[in-house]
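Engineer: Provided below are the primary sequence and the corresponding predicted coordinates.
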Protein chains: 2
Amino acid sequence: MSSTIRGNAVIFTQGGPTAVINATWVGIVQGLILCKDITGIWGALNGIDGVMKEDFVDLMAQTAGTLQAISYTPATQLLSTRKKPGPEENKLMLDVFQKRNIRYVFGIGGNDTSESLDIINDAARDREYELRVFHVAKTVDNDLMENDHTPGYGSAARFVANAFRGANLDNQCFGGLYIGVCMGRHAGFLTAAAALGRASPADGPHLVYLPECPFNLEKFAADVDDAYRKHNRCVIAVSEGIEDENHTPILQVLSKDRLEADSHGNLQLSGTGALADGLVNYLKEYLEGKGVVKKLRARGDTFGYTQRSFPDQSPIDREEAINLGMFAARCAESGNIDGSCAIVRVSDDPYQSDYKLVPLKNVAGKTRRMPAEFIAAGGNDVTAAFVRYAKPLIGELTALGSLDMSRKVKF
Amino acid sequence: MSSTIRGNAVIFTQGGPTAVINATWVGIVQGLILCKDITGIWGALNGIDGVMKEDFVDLMAQTAGTLQAISYTPATQLLSTRKKPGPEENKLMLDVFQKRNIRYVFGIGGNDTSESLDIINDAARDREYELRVFHVAKTVDNDLMENDHTPGYGSAARFVANAFRGANLDNQCFGGLYIGVCMGRHAGFLTAAAALGRASPADGPHLVYLPECPFNLEKFAADVDDAYRKHNRCVIAVSEGIEDENHTPILQVLSKDRLEADSHGNLQLSGTGALADGLVNYLKEYLEGKGVVKKLRARGDTFGYTQRSFPDQSPIDREEAINLGMFAARCAESGNIDGSCAIVRVSDDPYQSDYKLVPLKNVAGKTRRMPAEFIAAGGNDVTAAFVRYAKPLIGELTALGSLDMSRKVKF
């Protein structure tokens, strides 16, 4: 069972897009194309839906120039779905695999996708159909087990770091309060990236709130009060996923609106400015009520989908996304039967990474959260260890300058 | 009165930041530093507040490296205010000018700033104090009279074009509805930039709503209904300043919340996600109610402050911002008494611009809006003429690719 088997390969993408998913599947294609046993490389459209409907694009028939341009393109040209396959869907997919002699399946996605692939893999084994199933890591949330970090995270973190560099400078002009709400349902990695652009201790974000730490509105207000008195302004990064000590989302605490849930039972937190607006209003009332400031200039932005789809890849994220795809192809070619392709870190300085194949079950349905060493003691900032960890992943940022304020005109 | 006069120069920045304000004042410094009659170049901190308080930074004492790095830095290192000077403030400022032999005043700002400078200029003339007052154009809204376009617009438009390129690709993955709300209180130029990234007619934004056209909720819903049936998804760009036929802001039509106003009487439209959320909910009810779709995936993002402060200058915007600052210095050196420094267009293809000095009163307090030739007949899109006008201003964008969907696998 460990040698290659002659047949077709299918690639699909699932879940929320990133800036480098296309780069990963282009990497898979570039790797598979060298393998004589692989007779066709097909992209299923709209994730597992495309598999069930046999809606495949011939990826071998795309020109090299098309693939090259696509590798720079955010989101996924193979389209996506959040559907989780049940027994009915698994049967349908296995029927297609057998009928079309599909022997290699590559699913690019997060922990939901890994879980789906694990189920498909088990079902193929039950049927005694020889299938090689590979999960290839992807998620801006950076929340997959076994991965030092995931493709997609570096580019999204680059956007968040840059957005906060701009927001900090913008807030400096007028003072007041600025809240930026970042993606990350259960893991704070992306919100934490807000701190990566700080050039001095006076720079925002002055406070960072992660879903890993229970969020208390009174403690939050007191933190902001302190920071505001110190800096005469305050820039705050908040994860969309913050919850109170009873695991009630703060958005729910602040509002009574009903919230959407997808088929994995996830609440809709993105695509609405409600959390930022709710927090801004809460702080305005608190700080004006306490007389800290008479009329507080307070603004809230929700970075939304731009975080994951802005066309500005982190160069290292792009490179790793392609390489992880090529690694997945190499795993298939070298006769590995199944697994999840993950990134490991070899060294911090100089930054070096490598790739490994781990059992699907190690990644499936599990969520990695920010380790304690990355979270500051007060639960309202990140640590230097986090900055060391994440900075190499976002690539070089444009160097910015600041006025030498010691050169005041003296009369 | 037309030769230069020996004295100090003061530069201040007012109003909302852009990505290239610093580039403009660095350009002014680079120009003034060559003029022997100018004895000091001072940056007033926080706009006219810094003038009144004599809170000046010595800009001649900054290193060349500092100025160079600052020219790449978004927002304004001279800080800002939205304060509009009254008779009391004008008296205070003129006292400072006389006391400190300040003979050159450069105010970088929008039409509010131009108006403030015009008032200061008249007050100096009444006092028979020889003062040279220059307004240097700046605004992401691109709404100044006499200017082909304004520094700051190109970089903000670049961000909006890129954000919509990403949002369009992201929306393509899942389908559904996406609304992106853009800055621009009275002028739709920035919202219109959403269309600059379209690569094909199927690309979003499929609809663009500008503050120049009265906004009707029923017409809007019908437009979206049409577009949704055509593309099986819909990406929409909306200006924060859209109003109904009675000039009631749509945000006010949709919500009963009280809205903030600044000292110029402007409503707070940025820094809140309320408009996007209100429109999303309205469309969800409409399309689900009509049975167009059973459960609509609908998301709304508000691009917020990132539009004006994201650290990614349009190269041409940066160059023109520096050059306009140097032009202002040259005007001062060549003995012009006052005026507003504006950009004119020499040719479209190849794109070439030049600079001119116009009377302050031509710009002061006036708003330029999108000309009719830039707005599509239905009032829900831009024209090819707008794209020709705006495309050169945002600089080269990363080339993206798309899958050749004609290469489907046939069984």
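Structural biologist: Done, it's in. Numbering: from 1, shown residues only, chains lettered A, B, ... in the order given.
Engineer: for whichever residue of chain A sits closest to chain B, phi and psi?
Structural biologist: The minimum distance from chain A to chain B, using CB to the nearest CB, falls at A:Gly273 (1.3 Å). Just so you know, the C-beta spots here come from the backbone N, C-alpha and C atoms, and that holds for glycine as well. Per-residue torsions, A:Gly273: phi -100, psi 10 (degrees, to the nearest 10).
Engineer: Check the secondary structure at the spatially closest residue to A:Glu333 that is not a sequence neighbour for me.
Structural biologist: Sequence neighbours aside, A:Cys35 is the residue nearest to A:Glu333 in space, at 4.6 Å (criterion: CB to CB, 6 or more residues apart in numbering or on different chains). With DSSP: H, G, I helix; E, B strand; the rest coil as the basis, A:Cys35 sits in coil.
Engineer: My read is that the residue of chain A closest to chain B contacts B:Gly278, right?
Structural biologist: No. A:Gly273 lies out of contact with B:Gly278 (CB atoms under 8 Å); the separation is 10.0 Å.
Engineer: mind checking pLDDT for the residue nearest to A:Glu333?
Structural biologist: Predicted confidence (pLDDT) for A:Cys35: 92.
Engineer: Roughly how far does A:Asp223 sit from A:Gly379?
Structural biologist: From A:Asp223 across to A:Gly379, the span is 9 Å (CB to CB, to the nearest Å).
Engineer: got a list of what A:Tyr389 touches?
Structural biologist: A:Asp348, A:Phe374 (CB atoms under 8 Å, 6 or more residues apart in numbering or on different chains).
Engineer: and it, that one's in a strand?
Structural biologist: No. A:Tyr389 is assigned helix when assessed by three-state DSSP, not a strand.
Engineer: mind listing the strands for the stretch 301-411 of chain A?
Structural biologist: A:338-347, A:352-358 (DSSP state E, counting those that start in this stretch).
Engineer: Need the winner for burial among these.
Structural biologist: Among the strands of the stretch 301-411 of chain A, the stretch with the highest mean neighbour count (mean count of other CB atoms under 10 Å in any protein chain shown) is strand A:338-347, at a mean of 20.
Engineer: Adjacent strands (with direction) for it?
Structural biologist: Using DSSP bridges, the strands paired with strand A:338-347 are strand A:132-137 (parallel), strand A:352-358 (antiparallel).
Engineer: Just give me how far the first one sits from the chain centre.
Structural biologist: It stands for strand A:132-137. Put simply, strand A:132-137 sits 18 Å off its chain's centre (CA atoms, centre = their mean, to the nearest Å).
Engineer: And for the last one?
Structural biologist: Per CA atoms, centre = their mean, the displacement of strand A:352-358 from the mean C-alpha position of its chain is 18 Å.
Engineer: Need the contact partners of it.
Structural biologist: For strand A:352-358, the surrounding residues in contact (CB under 8 Å, 6+ apart) are A:146, A:148, A:320, A:323-324, A:327, A:331, A:336, A:339-346.
Engineer: In terms of model confidence, name the weakest of those residues.
Structural biologist: Comparing the contacts of strand A:352-358 by pLDDT, A:Asn336 comes last, at 82.
Engineer: Looks like it contacts A:Arg132 (just checking).
Structural biologist: Yes. With contact defined as CB under 8 Å, A:Asn336 reaches A:Arg132; the gap is 7.2 Å.
Engineer: how much space between the most centrally placed residue in chain A and A:Asn111?
Structural biologist: When CA atoms, centre = their mean is applied to chain A, the residue found nearest the centroid is A:Val140 (0.8 Å). Distance of A:Val140 to A:Asn111, computed by CB to CB: 13 Å.
Engineer: Contact residues of the stretch 201-350 of chain A facing chain B?
Structural biologist: Within the stretch 201-350 of chain A, the positions adjacent to chain B are A:270-274, A:276-277, A:280, A:298-306, A:308-312 by CB under 8 Å from any CB of the partner chain.
Engineer: do stretch A:49-56 and chain B meet?
Structural biologist: Yes. Interface with chain B: stretch A:49-56 contributes A:Glu54, A:Asp55, A:Phe56 (CB under 8 Å from any CB).
Engineer: Excluding covalently adjacent residues, which one is nearest to the residue nearest to the centre of chain A?
Structural biologist: Using CB to CB, 6+ apart, the closest residue to A:Val140 is A:Ala156 (3.7 Å).
Engineer: In terms of secondary structure, what does the helix or strand hosting that neighbour contact?
Structural biologist: Counting by DSSP states H and E, the element that carries A:Ala156 is helix A:153-174. Contact here means 3 or more CB pairs under 8 Å, 6 or more residues apart in numbering or on different chains; DSSP states H and E; on that basis helix A:153-174 packs against strand A:176-182, helix A:189-192, strand A:233-239, helix A:306-309, helix A:315-333, helix A:384-394, helix B:306-309.
Engineer: so of those, which one's packed in deepest?
Structural biologist: Mean neighbours per residue, mean count of other CB under 10 Å, is largest over these for helix A:189-192, with a mean of 31.
Engineer: Let's have the strands paired with strand A:338-347 in TSV, adding mean pLDDT.
Structural biologist: Converted to TSV, those look like this (pLDDT from 0 to 100):
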stretch	mean pLDDT
strand A:132-137	97
strand A:352-358	98
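Engineer: between those strands, which gets nearest to A:Ser200?
Structural biologist: Closest approach to A:Ser200 among the strands paired with strand A:338-347 (CB to CB): strand A:352-358, 29.2 Å.
Engineer: Report the angle between that closest one and helix A:384-394.
Structural biologist: In terms of direction (axes from the mean of the first three to the mean of the last three CA atoms, to 10 degrees), strand A:352-358 departs from helix A:384-394 by 90 degrees.
Engineer: how's chain A carved up into domains?
Structural biologist: Domain ranges of chain A: A:7-151+A:312-363, A:157-310+A:371-394, per automatic domain parsing.
Engineer: Redo the ones you listed as a markdown table? Include distance to B:Thr367.
Structural biologist: Converted to a markdown table, these look like this (distance: least, CB to CB, whole Å):
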| stretch | distance to B:Thr367 |
| --- | --- |
| domain A:7-151+A:312-363 | 32 |
| domain A:157-310+A:371-394 | 22 |
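Engineer: least reliable of these going by mean pLDDT?
Structural biologist: domain A:157-310+A:371-394 (a mean of 91).
Engineer: number of nearby residues for the residue nearest to A:Glu333?
Structural biologist: 17 (other CB atoms under 10 Å in any protein chain shown).
Engineer: residues contacting it?
Structural biologist: Counting by CB under 8 Å, 6+ apart, A:Cys35 makes contact with A:Thr4, A:Ala329, A:Ala332, A:Glu333.
Engineer: Please apply the same query to A:Lys138.
Structural biologist: A:13, A:15, A:18, A:20-21, A:24, A:108-110, A:113, A:150-152, A:321.
Engineer: hmm, 10 Å instead?
Structural biologist: A:13-18, A:20-21, A:24-25, A:76, A:107-110, A:113, A:144, A:150-153, A:321, A:324 (CB atoms under 10 Å, 6 or more residues apart in numbering or on different chains).
Engineer: What of A:Ile316?
Structural biologist: For A:Ile316, the contacting residues are A:Gly154, A:Ser155, A:Arg158, A:Tyr351, A:Ser353, A:Pro392, A:Leu393, A:Ile394, A:Gly395, A:Glu396, by CB under 10 Å, 6+ apart.
Engineer: go with 8 Å
Structural biologist: A:Gly154, A:Tyr351, A:Pro392, A:Leu393, A:Ile394, A:Gly395.
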